[in-house]
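Q: Structure, please.
(chains A and B)
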Amino acid sequence: MKLLDQVRFLLGITRSSDIVRRYFVVNGFDGALTMLGLIIGFLVSGASDLRTVINVCLGAAIALGMSGLSSAYVSETAERRRALGKLEEAMITSLQDSAHGDAARGVPLLIALVNGLAPLTISLLILLPLFLDQAGLRLPLPPLYAAIVVALLVIFLLGVFLGRISGVSWLRSGIQTLVVAVVTVALIYLFA
Amino acid sequence: MSIVRRLVLDVLKPHQPNVLEFARTIASASNKCQVRVTVLEVDENTETIQVVVEGDRIDFEAIQSSISELGGSLHSIDEVEVQGESQDS
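A: Coordinates of the predicted model:
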């Protein structure tokens, strides 16, 4: 609880809560749409080897996670250093040992974790039916179709989340993101 | 020995944390003290505040340390109220 309070405090003094939320949605959406695209691509090409599907999707998920982690860390560190420098200039003193110094070091790491873990965990969630099928668990749908259902559900829920934070209709927002997913699927079927 | 009963401090601080959070942190650092913060001046990135601390036994070092931890800079001690304490008490 103390750690959570500290994180909330550091996000508060740097006003970074919005950035964390934005990164979570943007990169989570990226992960979900990438997995959906890959699975549809495998369906279109008639691939039947589940191990290959899992390995390719897992590779993409890990790459998305690493990309999110490293890109956010590099850019946020630069931004925080710049902001801290400006504040130190205004205060005419070093703030390295203050909460602002802690925030300049800790907030980029936190944002990077969110940016990296959002696509990775969402991708793993979408791949869950494939893992379960490989583990020998019987599913009501073929694994690739079950993964598509999970992907569409996750994309809808991301839309619902966006709707709730922006104060617009959650249903409308959920359907909007779902439409993006359906258009993506249609484009893959059209060109693949 | 002497006991500090009242302090009036002039502090320069960044906008964040806000004065409420600033006052709460100072109050939690100084046991059973009453803290009053008044914003005197607001600039683009900073604000000058007056911190009044009143209590039975004020720990000045603890207050100074919390001000620094929050990114504030103590400019001056504008007023103090100190009570002498006899050796045998």
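Q: after the helix or strand bottoming out on mean pLDDT in chain B comes which helix or strand?
A: Ranked by mean pLDDT, DSSP states H and E, the helix or strand of chain B with the weakest confidence is helix B:19-29, at a mean of 92. Note on helix B:19-29: by DSSP states H and E, the next helix or strand toward the C-terminus is strand B:34-42.
Q: quick one, phi/psi of residue 43?
A: Picked chain A for this. Dihedral angles phi and psi of A:Leu43 (degrees, to the nearest 10) take the values phi -70, psi -40.
Q: oops, I was thinking of chain B
A: Dihedral pair for B:Asp43: phi -110, psi -170, per degrees, to the nearest 10.
Q: so it touches A:Ile92, yeah?
A: No - using Cβ atoms under 8 Å, B:Asp43 is not in contact with A:Ile92, being 12.0 Å away. Placement of C-beta: from N, CA and C, glycine included.
Q: buried residues in the least confident helix or strand of chain B?
A: B:22-23, B:25-27, B:29 (16 or more other Cβ atoms under 10 Å in any protein chain shown).
Q: With stretch A:24-43 instead?
A: A:24-25, A:27-40, A:42-43.
Q: mind listing which of those residues are in helices?
A: A:24-25, A:27-40, A:42-43 (DSSP state H).
Q: Am I right that B:Arg5 falls within a strand?
A: Yes - under DSSP: H, G, I helix; E, B strand; the rest coil, B:Arg5 falls within a strand.
Q: And for it, the neighbour number?
A: Neighbour count for B:Arg5, taken as other Cβ atoms under 10 Å in any protein chain shown: 16.
Q: contacting residues for it?
A: For B:Arg5, the contact set (Cβ atoms under 8 Å, 6 or more residues apart in numbering or on different chains) comprises B:54-56, B:58, B:81-83.
Q: remind me which residues of the chain are low pLDDT?
A: All of this is about chain A. For chain A, residues meeting the criterion pLDDT under 70 lie at A:1.
Q: Actually, chain B is the one I wanted.
A: Within chain B, the stretches with pLDDT under 70 are B:86-89.
Q: Give me every residue in it lying close to chain A.
A: Contact residues (Cβ under 8 Å from any Cβ of the partner chain) of chain B with chain A: B:12, B:14, B:16-17, B:21, B:43-46, B:68-71, B:73.
Q: of all those residues, which comes closest to A:Thr184?
A: Nearest to A:Thr184 among the residues of chain B next to chain A: B:Gln16, at 40.2 Å, using Cβ to Cβ.
Q: What secondary structure category should be reported for the closest one?
A: Quick answer, by three-state DSSP: B:Gln16 is coil.
Q: measure it to A:Asp18 for me?
A: In this view, B:Gln16 and A:Asp18 are 14 Å apart by Cβ to Cβ, to the nearest Å.
Q: do A:Gly65 as well
A: Using Cβ to Cβ, A:Gly65 is found at 22 Å from A:Asp18.
Q: What sits closest to the residue most central in space within chain A if chain neighbours are left out?
A: Nearest to the geometric centre of chain A sits A:Gly28, at 2.4 Å (Cα atoms, centre = their mean). Setting aside the residues directly before and after it, A:Gly28 is nearest to A:Ala118 in space (Cβ to Cβ, 6 or more residues apart in numbering or on different chains), at 4.0 Å.
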